[in-house]
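*Asks:* pasting the sequence and the predicted model now:
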Amino acid sequence: MQKPSARFLALPAVLLFGSLLCGCPNPNSYGTPRTVEPGKVSHSVSLESFGYIGEIEEVADDPSTAEIETAKRTTSGFLPTLPSYQLRAGLTDMLDIGAHVHNLSSFGVDLKVNPLRGVFDLAVAPGLQYFYLSANEASVHIVYLHAPLMLAVNPADWFSIVVSPGVTYGLASGDLSDDDEAAASADGLLLRGSLGFQFRTSDRFAIHPEITMMKSLEGPGLVYNFGIGFNFGALPSYKDLQEPM
């Protein structure tokens, strides 16, 4: 059996029609490295889309030689997905926790540690995403482990540029055929990189477009998530960047 990352990346047809694409990882954070202040809460609602670039193998009969020929063709697609929601709660001055509902179909949680703030910010934000898929008598549980490093440059107190390299590891198990005794497990590693821009219109509202590219190490293909997050509530403070009166 193919590993989940290879299956999702190498078979765009499955991606296009399978369960509204909810079987794929969603690593977008729509945030900056800075954490929410202790005891306060922020929210994010995002409108998202999903795309892929991959290869499919075409098989054709050659009447002149009575042989079967195969050829690879590049294919791509881009579709909207269901929206996502995120809640973040501040724990300490440099630690907060996030709870996610990805594309109204899977759940996630992450912990952000932000040891460096200033014109340049840095944080690590390990997390996981879980979802369950079923069709007829087949079912599968999938967990994605996300490990991004969040880096940001803050040219002004109202604007940030965020870059987040990292890796994602997928684990899947379950009954993958109509036979109840047929079970399988698999895993796969993906390299990932995100680019986002946050525009803070006030202390309690920000707009954050973001795109994340993911590449499997198990096979060909590239997938990407693009979305626009609308952040509100007790957002992280950038008052340290304001010029004194």
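*Replies:* Everything's here; your move. Owing to the predicted nature of the structure, the values given are computational and were not obtained by experimental measurement.
*Asks:* pLDDT below threshold where in this structure?
*Replies:* Along the chain, segments meeting pLDDT under 70 span 1-23, 56-71, 135, 175-187, 243-245.
*Asks:* ranges for the strands of it?
*Replies:* 41-62, 67-80, 84-92, 95-102, 106-116, 120-124, 127-135, 138-156, 159-175, 183-202, 205-216, 222-233 (DSSP state E).
*Asks:* how about TSV for the ones you listed, with distance to residue 34 added?
*Replies:* (Glycine included, C-beta is placed from N, CA and C.) Output for the strands of the chain, formatted as TSV (distance: least, C-beta to C-beta, whole Å):
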stretch	distance to residue 34
strand 41-62	11
strand 67-80	29
strand 84-92	10
strand 95-102	9
strand 106-116	6
strand 120-124	6
strand 127-135	17
strand 138-156	8
strand 159-175	8
strand 183-202	10
strand 205-216	11
strand 222-233	12
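*Asks:* gap between the residue nearest to residue 226 when sequence neighbours are not counted and residue 139?
*Replies:* Among residues not flanking residue 226 along the chain, residue 211 sits closest, at 4.5 Å (C-beta to C-beta, 6 or more residues apart in numbering). Residue 211 sits 32 Å away from residue 139, taking C-beta to C-beta, to the nearest Å as the criterion.
*Asks:* how many residues are close by residue 149?
*Replies:* 14 (other C-beta atoms under 10 Å).
*Asks:* contacting residues around the residue nearest to the spatial centre of the chain?
*Replies:* By C-alpha atoms, centre = their mean, the chain has its centre lying nearest to residue 27, at 1.8 Å. Listed by C-beta atoms under 8 Å, 6 or more residues apart in numbering, the contact partners of residue 27 are 146, 148, 166, 168, 192, 194, 212, 214, 225.
*Asks:* give me the distance between it and residue 126.
*Replies:* 12 Å.
*Asks:* what touches both of those two?
*Replies:* residue 146.
*Asks:* quick one: end-to-end distance for stretch 151-166.
*Replies:* End-to-end span of stretch 151-166 (C-alpha to C-alpha, to the nearest Å): 11 Å.
*Asks:* buried residues in it, which are they?
*Replies:* 151-152, 154, 160, 162, 164, 166 (16 or more other C-beta atoms under 10 Å).
*Asks:* now, the most widely separated pair of those residues?
*Replies:* 154 and 166 (20.5 Å; C-beta to C-beta).
*Asks:* just to revisit the earlier point, now distance to residue 84 too, for the contacts of residue 27, in JSON lines please.
*Replies:* Formatted as JSON lines, the contacts of residue 27 follow (distance: C-beta to C-beta, whole Å):
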{"residue": "146", "distance to residue 84": "14"}
{"residue": "148", "distance to residue 84": "16"}
{"residue": "166", "distance to residue 84": "18"}
{"residue": "168", "distance to residue 84": "16"}
{"residue": "192", "distance to residue 84": "17"}
{"residue": "194", "distance to residue 84": "14"}
{"residue": "212", "distance to residue 84": "13"}
{"residue": "214", "distance to residue 84": "16"}
{"residue": "225", "distance to residue 84": "10"}
